[in-house]
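Trainee: okay, predicted coordinates and the sequence, questions at the end:
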Amino acid sequence: MKRAAVLVSGGGTNLQALIDARRMGKMPSVELALVISDREGAFALERAKQNNIKISVLRRRDFASAEAYDHAFCNVLKENNIDLAVLAGFLSIIGPATLGAYRKRIINIHPSLLPAFGGKGFYGVKVHEAALNRGVKVSGATVHYVDDEVDGGEIIAQKAVAVLEGDTPETLQRRIMEEAEWQILPAAVELLCKGEL
Ligand code: GRF
């Protein structure tokens, strides 16, 4: 059984998908050992508490520098014997110390078919605004390794979702979450934890 930490900043619907997958026996190789948030008010923390998952809040402003924050992050993962860090709606950047210690053991879910609509500034509903403005007929979600280039890591899984007539950024975001994100993230986590990380 591998130990996963889920990194969150907001609503935690992807965390919920992982919790539900675990309960339905779809992630037998993974234990959701820890939820780390970069802000104390994230509703994702309520979801963790409701499911008796240990939580840790690491706010950037509590640390003197980006380096100190990076090392604190890395230490929390090590102290909890984490095998895989799963960014799920996480908005902070992972620092070099953590990236180095957890190479190929940090993944992220992004709400587009990378490399399209990825990189700096592309997060949340902004991703879908850009996709609709461009006029794409198909979008979707991507699970990828996290490396030092934002949304640039090797791709692990993707799922396409049709863009429908009259879609707004919000309706597209919701459908991509329901039909893509919440499906491919648990599947990718199980795949990685079943194999050798
Ligand atoms: C989702 O669009 C996810 O793809 C992105 O952050 C948004 C919120 O995720 N990474 P969650 O509901 O907090 O899991």
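Mentor: Noted; the coordinates are in hand. Remember, it's a predicted structure, so these values are computed and weren't measured experimentally.

Trainee: looking at this protein, what residue ends up closest to the ligand?
Mentor: Residue of the chain nearest the ligand, by C-beta to the nearest ligand atom: Gly89 (2.4 Å). In this view, the C-beta of every residue, glycine as well, is placed from N, C-alpha and C.

Trainee: what's the closest non-adjacent residue to that residue?
Mentor: Residue nearest to Gly89 in three dimensions, not counting chain neighbours: Gly10, with 4.8 Å by C-beta to C-beta, 6 or more residues apart in numbering.

Trainee: and the one you found, what pLDDT?
Mentor: Here, the pLDDT recorded for Gly10 equals 96.

Trainee: who's in contact with it?
Mentor: 42-44, 89, 91, 124 (C-beta atoms under 8 Å, 6 or more residues apart in numbering).

Trainee: highest neighbour count among those residues?
Mentor: When neighbours are taken as other C-beta atoms under 10 Å, the top entry among these is Ala44 (27 neighbours).

Trainee: one step back: give the helix, strand or coil label for the residue of the chain closest to the ligand.
Mentor: coil (DSSP: H, G, I helix; E, B strand; the rest coil).

Trainee: quick check: phi and psi on the residue nearest to Gly89?
Mentor: Backbone torsions for Gly10, taken as degrees, to the nearest 10, come to phi -140, psi -130.

Trainee: before we move on, what about Glu31?
Mentor: When read as degrees, to the nearest 10, the backbone of Glu31 gives phi -110, psi 130.

Trainee: that one - how many residues pack around it?
Mentor: Neighbour tally, Glu31, other C-beta under 10 Å: 14.

Trainee: got the contact list for it?
Mentor: 1-4.

Trainee: hmm, 6 Å instead?
Mentor: 1, 3 (C-beta atoms under 6 Å, 6 or more residues apart in numbering).

Trainee: please report how far Lys49 lies from Gln16.
Mentor: 13 Å (C-beta to C-beta, to the nearest Å).

Trainee: among those two, which residue is more densely surrounded?
Mentor: Gln16 (18 against 12).

Trainee: how about Asn75, secondary structure?
Mentor: The three-state assignment at Asn75 reads helix, by three-state DSSP.

Trainee: next, count neighbours for it.
Mentor: Using other C-beta under 10 Å: Asn75 sits among 14 other residues.

Trainee: where does pLDDT dip in this protein?
Mentor: 196-197 (pLDDT under 70).
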